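1. predicted coordinates and the sequence they were generated for:
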Amino acid sequence: AQTVTQSQPEMSVQEAETVTLSCTYDTSENNYYLFWYKQPPSRQMILVIRQEAYKQQNATENRFSVNFQKAAKSFSLKISDSQLGDTAMYFCAFMNANTDKLIFGTGTRLQVFP
Amino acid sequence: EAGVAQSPRYKIIEKRQSVAFWCNPISGHATLYWYQQILGQGPKLLIQFQNNGVVDDSQLPKDRFSAERLKGVDSTLKIQPAKLEDSAVYLCASSPRLAGARGDTQYFGPGTRLTVL
């Protein structure tokens, strides 16, 4: 069974600084997808970034980028130039390529301070 | 483009009562998901529909939970009777499910927070 681990329950960062959120996963599959979702207090899960496991190039989306280490089964999220609006829960999620089932980690609460 | 709609946003009931949640996915999205998110945890899939057929309901407590997706569009999730441990946020998501595509992004609604007293 696949599992997703986020070892940092809480993180904080000052506005305009850079922060990295950690995520590791366990799977025996070779073809899969990884996601980072943001959940602000409004509760709506918003996609931040998506990575295909077969692509070696790390995904980027404006200020958000990932460090995907397939051999180490690691998928960290880097937020550059942090903004107050980045304050939220961040969830790492795994999807087996043969199903559409998302398996989420327990989340990291990020607080951005002015 | 309108997002995934859910109602109600909040619901408070007493144990053993019944409750129903409604979801309207993004127009044209074939696949619909219901997730349960208990406080302090990540969402957990309850049931997945492809059009109006069930693809995966292995995590759905079928003795008390039921779901349907009539006509392959809107969906309702029902709990009867509710237990204290059902207190959670219930999230609905949809994905376009392009033919042959995998790893579709799932788009989430705002969720319904259920409190069972």
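-> Received, thanks.
2. in contact with residue A:5, which residues?
-> A:23-26, A:105-106 (CB atoms under 8 Å, 6 or more residues apart in numbering or on different chains). The C-beta positions use only the backbone N, C-alpha and C, and glycine is treated the same way.
3. for the residue of chain A found nearest chain B, name its beta-bridge partners.
-> Nearest residue of chain A to chain B: residue A:104, at 2.9 Å (CB to the nearest CB). In this entry, residue A:104 is beta-bridged to residue A:93, by DSSP bridges.
4. and it, how far from residue B:97?
-> 20 Å (CB to CB, to the nearest Å).
5. what is the neighbour count of residue B:70?
-> Residue B:70: 9 surrounding residues under other CB atoms under 10 Å in any protein chain shown.
6. and residue B:49, by the same measure?
-> Residue B:49 is flanked by 22 other residues according to other CB under 10 Å.
7. same deal with residue A:67?
-> Using other CB under 10 Å, residue A:67 has 14 neighbouring residues.
8. hang on, isn't it packed against residue A:76?
-> Yes. Between residue A:67 and residue A:76 there is a contact under CB atoms under 8 Å: 4.7 Å.
9. ok so, going back, quick one: buried ones out of the contacts of residue A:5?
-> Among the contacts of residue A:5, those classed as buried by 16 or more other CB atoms under 10 Å in any protein chain shown are A:23-25, A:105-106.
10. okay, and which of these map to strands?
-> Of the positions in these, A:24-25 sit in strands, assigned by DSSP state E.
11. now do the phi/psi pair for the closest residue to chain A within chain B.
-> At 2.9 Å from chain A, residue B:42 is the closest residue in chain B, using CB to the nearest CB. Here is the backbone geometry of residue B:42 (degrees, to the nearest 10): phi -80, psi 160.
12. that one: neighbour count?
-> Using other CB under 10 Å, residue B:42 has 22 neighbouring residues.
13. need the pLDDT of the residue nearest to the spatial centre of chain A.
-> Centroid-nearest residue in chain A, with CA atoms, centre = their mean: residue A:36, separated by 3.3 Å. Predicted confidence (pLDDT) for residue A:36: 97.
14. also residue B:101?
-> Predicted confidence (pLDDT) for residue B:101: 60.
15. same deal with residue A:110?
-> On pLDDT, residue A:110 comes in at 97.
16. helix, strand or coil for the spatially closest residue to it that is not a sequence neighbour?
-> Distances taken as CB to CB, 6 or more residues apart in numbering or on different chains place residue A:11 nearest to residue A:110, at 5.1 Å, with adjacent residues excluded. Three-state assignment for residue A:11 (DSSP: H, G, I helix; E, B strand; the rest coil): strand.
17. so which bits of chain B are right by chain A?
-> B:31, B:33, B:40-45, B:48, B:55-56, B:89, B:91, B:93, B:95, B:97, B:102-111, B:113 (CB under 8 Å from any CB of the partner chain).
18. understood, closing this out.
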